[in-house]
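> here is a sequence with its predicted model. Questions after.
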Amino acid sequence: MHPSQILNTAIETHHPAAAACLSALGRRMFFPIGIPAQAAQAKSAKINATIGQLTNGHGAALPLAAIADHLRDISLEDTTLYSPQGGNKALRAAWGEHLAKKGDGPMTSPFCTVGLTHGLSLLADLFVDNDTDVILPSPGWGNYDHIFGVKAGGRIHRYPVFDDGIFDPNAMSTALEKIQNKGVVLLNFPGNPTGYTPTPEQLAPWLEAIRNCEKPIVVICDDAYAGFVYEPGHLDRSPFHDLADADPNRVLTVKVDGATKELCFFGGRVGFVSFGTSGEAGQALDTKIKGMARATVSTGPAVSQALVLSALNSPDLAKQQADIFALSLKRYRSLKRCLAEAKIDTLPFNSGFFALIPVKGDPETLRLNLLNDGVGVVAFPQHGAIRVAFSSIANDDIPKLVNALAKHIERQI
Ligand SMILES: Cc1ncc(COP(=O)(O)O)c(C=O)c1O
């Protein structure tokens, strides 16, 4: 039997929803027993003439000093040799432990990707083709359209996060009705560009609708901004954990997260994909995604994976993350206060890095006027709004930013 058929049979038997949702490419995919697989098998061979990397002849690194001199305190093997397909094993285990603190449902070992975008793109390859309905948040991150629509060719539908400025309890059940054969649903809390995270009570009808969806769906929880929730009472963990008990005949949940924002390592490009299942289906899905990554980037950069692993093992990490959170919270509170004083309305925001400000005039004109005054924001004409990233503004500059907004927003009306 072809290796892809073996994987498909395992998935069909142990996770019917995942099997029903696979794209044509996803069904074809397998992990070839090529060089990485053969090299992994020969790892403890006395003479290992498998992989094409330059070593000292006994498996140790042979880096140039011009590179190695800048790499301190981390093993040169972990930084300058290839990382295994799927990522540094110790890193995968450590990220798995990091996630297990929030819930104990079934989960595959986090698969290491080159940033979260890469993880989302691999999932689009695995689960989206022309007859897949892809349900995206609106407002939502623009790159979702690019990944799931432009690149993967799915039928895009948008569900409103807010109805008249309030979290919309019916949005998910209405959106799920659009699914004809199989679907992919994107959840993103804290949201980009909304900066919003619902309360568990607000999210409950969405989760209920997902659990009862009549068509097989893959629910992708994009947890890029995990941990940055500033108000009590709002979700303090991903919906991924709440969907752990979803029926595998209907729903496959997947968690996409990573070091980009959580560990403030934007340029590191270390992300993870974890499937909400275990056993044979989990192994088969892990092998499918490994095959997909092998066909695109092969394996991710070892050096940034090694740095993330060091961070996870650092006894000081929690304190350092708390400091970053405190800095972000301060900016959030300043922005809230200044906007309230200036009587500038926003959509609800309580988390993440952004605030979305509805404007009466053309957001693009407003953006250009602000730019003329030395203030950069992002225009969202489709939502009649601008997005302010308070994550990247010094606290002292927030009153100046809001003054500029007040000046130009008034001029628009
Ligand atoms: C909601 C959301 N998901 C994913 C990403 C992508 O993360 P990465 O930079 O790790 O690819 C971003 C980045 O801005 C984002 O806002």
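Received, thanks.

> residues in contact with R237?
Going by CB atoms under 8 Å, 6 or more residues apart in numbering, R237 touches K102, G103. For the C-beta atoms, the positions are set from N, CA and C on the backbone; glycine is no exception.

> burial count for K43?
Neighbours of K43 under the rule other CB atoms under 10 Å: 11.

> so who does it touch?
G59.

> and it, backbone torsions?
Dihedral pair for K43: phi -50, psi -40, per degrees, to the nearest 10.

> and the strands in the stretch 251-400 of the chain?
251-258, 271-275, 354-358, 378-380, 385-389 (DSSP state E, counting those that start in this stretch).

> who does the first one touch, helix- and strand-wise?
Counting by 3 or more CB pairs under 8 Å, 6 or more residues apart in numbering; DSSP states H and E, the packing neighbours recorded for strand 251-258 are helix 16-21, helix 115-127, strand 217-222, helix 239-242, strand 271-275.

> what lines up beside the last one in the sheet?
Strand 271-275 has the following strand partners under DSSP bridges: strand 111-113 (antiparallel), strand 251-258 (antiparallel).

> hey, which helix or strand in this protein has the poorest pLDDT?
Within the chain, no helix or strand scores below helix 35-41, which has a mean of 83 by mean pLDDT, DSSP states H and E.

> the nearest residue to T253 once chain neighbours are set aside: neighbouring residues, count only.
Leaving aside its sequence neighbours, T253 sits nearest to G276 (CB to CB, 6 or more residues apart in numbering; 3.6 Å). Using other CB under 10 Å, G276 has 28 neighbouring residues.

> residue contacts, G276?
Counting by CB under 8 Å, 6+ apart, G276 touches G105, P106, M107, F240, L243, A244, A246, L252, T253, V254, K255.

> the ligand: which of those residues is nearest?
Taking CB to the nearest ligand atom as the measure, K255 is the one of these closest to the ligand, at 12.2 Å.

> dig out what that closest one forms beta bridges with.
Residues in a beta bridge with K255, per DSSP bridges, are C221, S274.

> picking that back up, pipe the strands paired with strand 271-275 into CSV and attach mean neighbour count per row.
Below are the strands paired with strand 271-275 laid out as CSV (neighbours: other CB atoms under 10 Å):
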stretch, mean neighbour count
strand 111-113, 27
strand 251-258, 27
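
> so can I have JSON lines of the ones you listed showing mean pLDDT and distance to the ligand?
What follows is the strands paired with strand 271-275, written out as JSON lines (pLDDT from 0 to 100; distance: least, CB to the nearest ligand atom, whole Å):
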{"stretch": "strand 111-113", "mean pLDDT": "98", "distance to the ligand": "8"}
{"stretch": "strand 251-258", "mean pLDDT": "98", "distance to the ligand": "5"}
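
> output the ones you listed as a markdown table; include the columns distance to H146.
Below are the strands paired with strand 271-275 laid out as a markdown table (distance: least, CB to CB, whole Å):
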| stretch | distance to H146 |
| --- | --- |
| strand 111-113 | 17 |
| strand 251-258 | 15 |
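
> quick one: closest of those to V134.
Closest approach to V134 among the strands paired with strand 271-275 (CB to CB): strand 251-258, 13.6 Å.

> on that earlier part again, so which of the helices and strands packed on strand 251-258 gets nearest the ligand?
helix 115-127 (3.2 Å).

> same for the closest one, what does it pack against?
Packing partners of helix 115-127 (3+ CB pairs under 8 Å, 6+ apart): helix 24-28, strand 111-113, helix 143-144, strand 182-187, strand 217-222, strand 251-258, strand 271-275, helix 279-294.
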